[in-house]
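A.B. asks: quick one, structure for this:
(2 chains)
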Amino acid sequence: MEFISTNNMEQAILTITSAIFISSAAAYLGTLMLSRKMSVITDPLAHLAFPGVTLALILGIEISFGIFPFIIIGALLIWLLEKRTKLPFENLSAVIFAIGVGTALVFLPIEKAEEALVGVIDNITLSETLFITLTSLTSIVLTRKIYSKIMLINIDEELATAEKINVDKYNLIYLLNIALVIGLGVYLVGGLITAALVAIPAATSRNLSKNLSSYQTMSVIFGILSSITGITTAHLTNLPTGPMIIVANAILFILSLAFSRKRS
Amino acid sequence: MKTLLEVKNLKINLDENNIVKDLSFQLKEGEILTILGPNGSGKSVLIKTLLGIFPYEGEIIWHKKPKIGYLPQNLNQIGLKNYPLTVFDFFKLKNERLTKKEMIKYLEIVGLKEEILDKTVGVLSGGEFQRVLIAWVLISKPELVFFDEPTSGIDLSKEETIYSLLKKIKEKENLTIILITHDLSVIYKYSDNVLCLTHKKHFCYGKPKEILKEGNLKEIYGENIGIYKHK
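C.D. replies: Numbering: from 1, shown residues only, chains lettered A, B, ... in the order given. Alright, predicted model coming up:
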């Protein structure tokens, strides 16, 4: 058994704090994203973290300065192109992803972007934790503000328009919020599997809940629970943290299937 | 009755296709105007233009800016089934300040009981869902309501159709209604005026009896139409 030093303790607190905030923001926003169009958009956007992280490493700057500009610009481009071309979101996100990562592969040594692959949550610094906390809180407030409007847009865009909702404006805030959450997710689990942080807790909760407030609450609880369980088991078994968080999420999801079967 | 809306020489182009041209009609406060025409003749486009969604040429004159409610075509439960929304949640999406008391009042107007608030929208029957939608539109107390083919073939119960319900509510709540429908029997029974659109961009406008002559219907729907009255 490894001796728990003060240093380790401090690191553990930073890691767990960051994980709780990131998974809450992701799971809450995720409850809005249970539609075909939006669940496919997270992965391409998250992959844009690879060129971002590589660039940050080469320039020797904090990786957040690499991750967030790339993902946010990606989200803005998708929004602009959708308005201009009327091509579907799914298609545009694939286009943006291919252009971003493709260009990066030409100019950047992408093999250096290991941190973007597996996440950096085990070595998260104090300043990063502060940044993560603030960004997560911003995202949670944003999600709260746009929730009803985006839900109505998801249900029926014309109905939303008739309710005097500015669909373009809310879609933009929604996409930027997705970009924030994905950027945060890259710290926790890396760019390959960020979508899971958003999609799985909401899906698990969907299986079990009968109304909107329990759906939101349970999603956040499952998100936090998976992160803490994932981090702890990874630490005890010496397995990689990010993937273990996803495994914990997956186990909860499978359990929820059993329960929802029983209920119906 | 005061005139609420005047449309003069309206022309609507979408993506360089002309959908409607030289269209003129009026709408008076408290009347039911039915818009009739085959698929693709521009009925929904016209409604959306009146709602301010599409650009147009010509004149759309509102004599009073009414509070508008709108029930779009093909709004079905599928979009709602993605989420575990109860009827209560669905009302709250419209306006977070709505109270349970207000919801119950409007549910009763459309013939539903309080208990339905806790039901998931996805499991409602077709008739219940239509009623909930009408209550959802009415709860913001609109003065003018657009219904784009509200039934899609669903009768609310044996005695009641969506139209008889609308007419009943209209009298209570002092509504003006613009209705799109294919159901000709509805027009005789419930509309004050009819506006018909055709593929050839012709239109006709007037009382149901004047409009629903066989010659006109052939112009609207093509040669293979005959009139037989229900019941």
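
A.B. asks: what sits against the residue in chain A positioned nearest to chain B?
C.D. replies: Closest to chain B within chain A is A:Ala162: 3.6 Å, counting by C-beta to the nearest C-beta. To be clear about C-beta, it is placed using only N, CA and C from the backbone, and glycine gets the same treatment. Neighbour list for A:Ala162: B:51, B:68-70, B:72, B:146 [criterion: C-beta atoms under 8 Å, 6 or more residues apart in numbering or on different chains].

A.B. asks: mind running it again at 6 Å?
C.D. replies: Applying C-beta atoms under 6 Å, 6 or more residues apart in numbering or on different chains, we find A:Ala162 in contact with B:Tyr70.

A.B. asks: do B:Lys2 as well
C.D. replies: B:Lys2 neighbours (C-beta under 6 Å, 6+ apart): B:Glu29.

A.B. asks: one more: B:Leu98?
C.D. replies: So B:Leu98 contacts B:Phe91 (C-beta under 6 Å, 6+ apart).

A.B. asks: residue 30: neighbour count?
C.D. replies: Answering for chain A, as no chain was given. Neighbour count for A:Gly30, taken as other C-beta atoms under 10 Å in any protein chain shown: 33.

A.B. asks: think we crossed wires, I meant chain B
C.D. replies: Counted with other C-beta under 10 Å, the neighbours of B:Gly30 add up to 16.

A.B. asks: can you give me phi and psi for the spatially most central residue of chain B?
C.D. replies: Among the residues of chain B, the one closest to the centroid is B:Phe147, at 1.4 Å (C-alpha atoms, centre = their mean). As for B:Phe147, its main-chain torsions (degrees, to the nearest 10) stand at phi -120, psi 120.

A.B. asks: burial of the closest residue to A:Leu257 other than its chain neighbours, as a residue count?
C.D. replies: Nearest residue to A:Leu257 in three dimensions, chain neighbours excluded: A:Asn207, at 6.2 Å (C-beta to C-beta, 6 or more residues apart in numbering or on different chains). A:Asn207 sits with 20 neighbouring residues when counted by other C-beta under 10 Å.

A.B. asks: return the helix or strand harbouring A:Asn207 as CSV; C-alpha atoms alone will do.
C.D. replies: Using DSSP states H and E, A:Asn207 sits within helix A:194-208. The C-alpha coordinates for helix A:194-208 follow below in CSV (Å, rounded to 0.1, in the frame of the first residue of the first chain):
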residue,chain,number,x,y,z
THR,A,194,-15.5,13.2,-23.9
ALA,A,195,-18.9,12.6,-25.5
ALA,A,196,-19.5,9.9,-22.9
LEU,A,197,-19.4,12.4,-20.0
VAL,A,198,-22.2,14.3,-21.7
ALA,A,199,-24.2,11.4,-23.1
ILE,A,200,-24.1,8.5,-20.6
PRO,A,201,-25.4,10.2,-17.3
ALA,A,202,-28.3,11.7,-19.2
ALA,A,203,-29.2,8.4,-20.8
THR,A,204,-28.9,6.5,-17.5
SER,A,205,-31.1,9.1,-15.8
ARG,A,206,-33.6,9.0,-18.7
ASN,A,207,-34.1,5.3,-18.1
LEU,A,208,-35.1,5.9,-14.5
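
A.B. asks: list the buried residues for it?
C.D. replies: A:194-208 (16 or more other C-beta atoms under 10 Å in any protein chain shown).
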